[in-house]
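K.L.:
3D, please:
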Amino acid sequence: MNGFAGVSIKRVVVIMTATVLLAMLPVIAHAYEQPQFVKVGLKYGNTAPIQCKIVSAAGFSLGSVSDEDGFTELLPLPGYTELIATAVGGQVELKDNRGVLISADIGLHGCLMPYSRDSGYLTLDGLDYRGGIMIKAGGDNRLTVINYISMEEYLYGVVHREIGMKNPPEALKAQAITARTFAALNINKHASLGFDLCSTTDCQVYGGCKDEYESTNKAVDDTAGLIIYCGDIPASTNYYKNSGGHTQNSEDVWSAAIPSLRAVPDPYSPDYPWQATMDFITLRQKLIQADMDPGNIASVRIGERNTSGAVSSLIIKGSNGEIKLEKAKIRSVLGASLVRSTHFSIGETHNNINSVQETSQLTLLSDNKQVAWSASDRVYIMSSNGEVQSSEIASLTMSNGTSTVKVNSKADKIPANPGDEVEAKDGTLVLTGLGYGHGVGMAQDGAIEMAKQGMSYMDILEFYYTGIEVY
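P.N.:
As a prediction, the model looks like this:
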């Protein structure tokens, strides 16, 4: 017995020692709590219907939802496969397909779920949705229709729509984590309309069950719950199609400087050339629609470029004076699908400098490697096999074979592109550029290429977002 007692005492001492050690360690507390459910606006505003029909082969459960308890069933309706909702006097009335009243008011937080929630779907306008359907009465007796769904199942309907299900698994995982983080950070974006996120490009494109695929669902499942953090809150994780060779700082496109959204040279985004043509009459009409009228347009020229080499201001001179379009307004006013990025030049060719300040082709004196760098504190060097390394800029000296230049540290603006003196004066504006999208955060084309080269989703996320953790 004494022997056993001695062993027991040793075990107690070990346990107590471990407890003391754990108590001495710093406690890492994260105040952020990831939302488990998302309310996605399907029909609202101009698309709000007067009446809507919901179908469920498994029957229905009518209940209410809350942030604390999720869905609570109030009325089981297993024998009904089709229900019709109508707004009457500011309330939502529910009838069956024969016109028999089921509920005169489903309540402000009313929600329909499949009776068998493990396998059932709800069908709205011929499209299947996981989770439930919430219906709210809006103005003019129209209905706001919302998909109440778990975060992970919401992502099932997002990833393919945003990046495409045929892309490499690591790129799909990067997209899943980025989309989850975006949703978490923007969870109350449309709270004034009664839901969290919309189903369009204003938030993230969501298509319900029709846009689910094995590859994209697996990417969501393989990264379940993972979010990108900057500090103890979800990071800003904007994304877009193609960087045009260099991503941009958030403040160079919008206004605020966001730590996770720092510009980096991007050797991975493949070339994405584009050209846009617009006559001066159309250009003036677009400006008038944006409450800007320079009068009859005489010329258009580039004003400045930012540290990524993208156009930061466009000067339109007219009979009533000059108009300056700056940052994101360049694309929003002229048309984001027409002017695909702000990496452009005026005319038939694009002088792509991407922050290279004195020459467009530089090589290291020591080992003849291709190099691209940002006007920040780091230089990014790409070898012939595509491997990218970074180091401090410091006083790095580079040469193009005939002349030598010293790479300086960060500047607020780079010198004008050699072609920026060109003005459009003949009644037609021609822009030629590279890339597609706002340029802030992850370039999806680059993420796909990195995955093809064998890099992981963490490699991708850490390349495009600065100072982040993923957990």
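
K.L.:
Surely Ser313 is within a helix?
P.N.:
No - using DSSP: H, G, I helix; E, B strand; the rest coil, the assignment for Ser313 is strand, not a helix.

K.L.:
In contact with it, which residues are there?
P.N.:
Residues in contact with Ser313 (CB atoms under 8 Å, 6 or more residues apart in numbering) are Ile302, Gly303, Glu304, Lys324, Leu325, Glu326, Lys327, Ile330. (Glycine included, C-beta is placed from N, CA and C.)

K.L.:
Now with 6 Å, please.
P.N.:
Ser313 makes contact with Gly303, Glu304, Lys324, Glu326, according to CB atoms under 6 Å, 6 or more residues apart in numbering.

K.L.:
ok, of those residues, which one's closest to Ser199?
P.N.:
Proximity of these to Ser199 (CB to CB) peaks at Glu326, which lies at 30.6 Å.

K.L.:
Dig out what that closest one forms beta bridges with.
P.N.:
Beta-bridge pairing for Glu326 (DSSP bridges): Ser313.

K.L.:
Let me know how buried it is, in neighbour terms.
P.N.:
By other CB atoms under 10 Å, 13 other residues sit near Glu326.

K.L.:
mind checking how far it is from Lys317?
P.N.:
Distance of Glu326 to Lys317, computed by CB to CB, to the nearest Å: 15 Å.

K.L.:
Kindly report the same for Gly225.
P.N.:
Distance from Gly225 to Lys317, counting by CB to CB: 54 Å.

K.L.:
So between these two, which is more surrounded?
P.N.:
Taking neighbours as other CB under 10 Å, Gly225 and Lys317 compare with Lys317 leading, 17 against 10.

K.L.:
How about the contacts made by that one?
P.N.:
Counting by CB under 6 Å, 6+ apart, Lys317 touches Ala298, Ser299.

K.L.:
what is it paired to in the beta sheet?
P.N.:
Counting by DSSP bridges, Lys317 forms beta bridges with Ser299, Glu322.

K.L.:
Adjacent strands (with direction) for the helix or strand containing Phe71?
P.N.:
Element membership for Phe71 (DSSP states H and E) is strand 70-77. Partners of strand 70-77 in the sheet, by DSSP bridges, are strand 60-66 (antiparallel).

K.L.:
Show the subsequent helix or strand relative to the helix or strand of the chain with the lowest mean pLDDT.
P.N.:
Every helix and strand of the chain was ranked by mean pLDDT, DSSP states H and E. The lowest is helix 2-24, at a mean of 35. Downstream of helix 2-24, the next assigned helix or strand under DSSP H and E is strand 37-43.

K.L.:
Could I get the phi/psi values of Thr200?
P.N.:
Note on Thr200: backbone dihedrals following degrees, to the nearest 10 are phi -120, psi -180.

K.L.:
Tell me the spacing between it and Leu42.
P.N.:
Thr200 is 10 Å from Leu42, by CB to CB.

K.L.:
who has more neighbours, those two?
P.N.:
Neighbours per residue, other CB under 10 Å: of Thr200 and Leu42, the larger number sits with Leu42, 21 against 11.

K.L.:
Leaving out chain neighbours, which residue sits closest to the more buried one?
P.N.:
Excluding its sequence neighbours, the residue lying closest to Leu42 (CB to CB, 6 or more residues apart in numbering) is Val145, at 4.8 Å.

K.L.:
So for the one you found, what pLDDT did the model give?
P.N.:
Per-residue pLDDT puts Val145 at 97.

K.L.:
which residues does it contact?
P.N.:
Applying CB under 6 Å, 6+ apart to Val145 gives the contacts Leu42, Lys43, Cys52, Ile135.

K.L.:
can you pick the most crowded of the residues you listed?
P.N.:
In terms of neighbours by other CB under 10 Å, these top out with Ile135 at 23 neighbours.

K.L.:
ok, it touching Leu94?
P.N.:
No - counting by CB atoms under 6 Å, Leu94 is not a contact partner of Ile135; they are 8.3 Å apart.

K.L.:
what residues do those two have in common as contacts?
P.N.:
Listed as contacting both Ile135 and Leu94 by CB under 6 Å, 6+ apart are Ala85.

K.L.:
Would you mind measuring from Thr466 to Met442?
P.N.:
As judged by CB to CB, Thr466 and Met442 stand 12 Å apart.

K.L.:
out of the two, which sits in the busier spot?
P.N.:
Met442 (27 against 17).

K.L.:
Give me the distance between that one and Leu261.
P.N.:
Note on Met442: its distance to Leu261, by CB to CB, is 10 Å.

K.L.:
on that earlier part again, between the contacts of Ser313, identify the one with the most neighbours.
P.N.:
Glu304 (17 neighbours).

K.L.:
List the beta-bridge partners for that residue.
P.N.:
Ser313.

K.L.:
Which pLDDT value belongs to it?
P.N.:
96.

K.L.:
Verify the contact between it and Ser312 for me.
P.N.:
Yes - with contacts counted by CB under 6 Å, Glu304 reaches Ser312, the gap being 4.8 Å.

K.L.:
give me the low-pLDDT residue ranges for the stretch 351-471 of the chain?
P.N.:
For the stretch 351-471 of the chain, the stretches flagged by pLDDT under 70 are 352-418.

K.L.:
Mind doing that once more with 50?
P.N.:
Confidence mapping of the stretch 351-471 of the chain against pLDDT under 50 gives the ranges 355-378, 395, 400, 402-406, 408-412.

K.L.:
give the contact list for the closest residue in space to Leu338 that isn't next to it in sequence.
P.N.:
Setting aside the residues directly before and after it, Leu338 is nearest to Ala276 in space (CB to CB, 6+ apart), at 4.7 Å. Residues in contact with Ala276, defined by CB under 6 Å, 6+ apart, are Leu338, Val339, Leu431.

K.L.:
so Ala276 is in which element?
P.N.:
strand 273-279.

K.L.:
Direction included, what does that strand pair against?
P.N.:
Looking at strand 273-279 with DSSP bridges, its partner strands are strand 428-434 (antiparallel).

K.L.:
distance between the strand it pairs with and the chain's centre?
P.N.:
In terms of CA atoms, centre = their mean, to the nearest Å, the gap separating the centre of strand 428-434 from the centre of its chain is 26 Å.

K.L.:
Perfect, I'm done here.
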